[in-house]
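A.B. asks: Pasting a predicted model and its sequence here:
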Amino acid sequence: MIKLQIVGNLGKDCIVKEVNGKNVINFSVAHTERYKDGQGNQKERTTWVECAYWTDRTTVSQYLIKGKMVYAEGSPEADAYTNKEGVASATLRMRVQNLQLLGGGTDGQGSTQGAASQVGYAQAPAMRTPPAPVNSSMDDDLPF
């Protein structure tokens, strides 16, 4: 099995769809890496991952809004294509198996809020497909 893990911010609000009687939450996650090139210039590279989270627990979708930070892991897929300009491109997709809300982003009024101030996010348990049994020790479910 190949597993992809990403921590990043949502690029837009999620979309919940029903496909063949099953619910899927679609969202995109951006991870930005900052580094210095050979000449010492500061560079930035952003990787986007299109995510599909098949779950019956769609209530999590209310928290999957643009700018919020998430941890997601699952099975990756890459699709190669030629864009409108004739340039070869690729899309990285993931079928999410584990999703954790980390907080961050904005509060709707333009101010940034961290994970510690977002009780609903900071203490959100890992969400798995299929749902894991509820236990009192959440330390075992942490991805680190």
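C.D. replies: Happy to help now that I have it.
A.B. asks: From now on I want contacts and neighbour counts done on CA atoms only, so please keep to that.
C.D. replies: OK.
A.B. asks: Let me see the ranges of the strands in the protein.
C.D. replies: 4-10, 15-19, 22-36, 42-54, 69-82, 88-103, 127-128 (DSSP state E).
A.B. asks: Reformat those strands as CSV; add distance to residue 60, mean pLDDT and mean neighbour count.
C.D. replies: What follows is the strands of the chain, written out as CSV (distance: least, C-alpha to C-alpha, whole Å; pLDDT from 0 to 100; neighbours: other C-alpha atoms under 10 Å):
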stretch, distance to residue 60, mean pLDDT, mean neighbour count
strand 4-10, 14, 94, 19
strand 15-19, 10, 93, 13
strand 22-36, 9, 94, 16
strand 42-54, 11, 94, 16
strand 69-82, 12, 94, 16
strand 88-103, 9, 91, 19
strand 127-128, 9, 50, 20
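A.B. asks: can you redo those strands as TSV with distance to residue 61?
C.D. replies: Compiled in TSV, those are given as follows (distance: least, C-alpha to C-alpha, whole Å):
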stretch	distance to residue 61
strand 4-10	12
strand 15-19	7
strand 22-36	7
strand 42-54	10
strand 69-82	12
strand 88-103	11
strand 127-128	12
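A.B. asks: Looking at these, spot the one closest to residue 63.
C.D. replies: strand 88-103 (7.9 Å; C-alpha to C-alpha).
A.B. asks: now the angle between strand 22-36 and the closest one, please.
C.D. replies: Strand 88-103 and strand 22-36 are oriented at 100 degrees to each other (axes from the mean of the first three to the mean of the last three C-alpha atoms, to 10 degrees).
A.B. asks: So what angle separates the directions of strand 88-103 and strand 42-54?
C.D. replies: Using the same axes, to 10 degrees: strand 88-103 against strand 42-54 is 80 degrees.
A.B. asks: then strand 88-103 to CSV, C-alphas only?
C.D. replies: Taking Å, rounded to 0.1, in the frame of the first residue of the first chain, the C-alpha atoms of strand 88-103 are listed here in CSV:
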residue,chain,number,x,y,z
ALA,A,88,1.9,18.6,-19.9
SER,A,89,0.5,18.8,-16.4
ALA,A,90,-0.5,16.5,-13.5
THR,A,91,-3.0,16.3,-10.7
LEU,A,92,-2.4,14.7,-7.4
ARG,A,93,-5.5,13.2,-5.8
MET,A,94,-6.1,11.3,-2.5
ARG,A,95,-8.8,9.0,-1.3
VAL,A,96,-8.8,10.1,2.3
GLN,A,97,-8.9,7.4,5.0
ASN,A,98,-7.9,9.6,8.0
LEU,A,99,-8.8,13.2,8.5
GLN,A,100,-8.0,15.5,11.4
LEU,A,101,-9.0,19.1,11.8
LEU,A,102,-6.1,21.2,13.0
GLY,A,103,-7.6,24.7,13.1
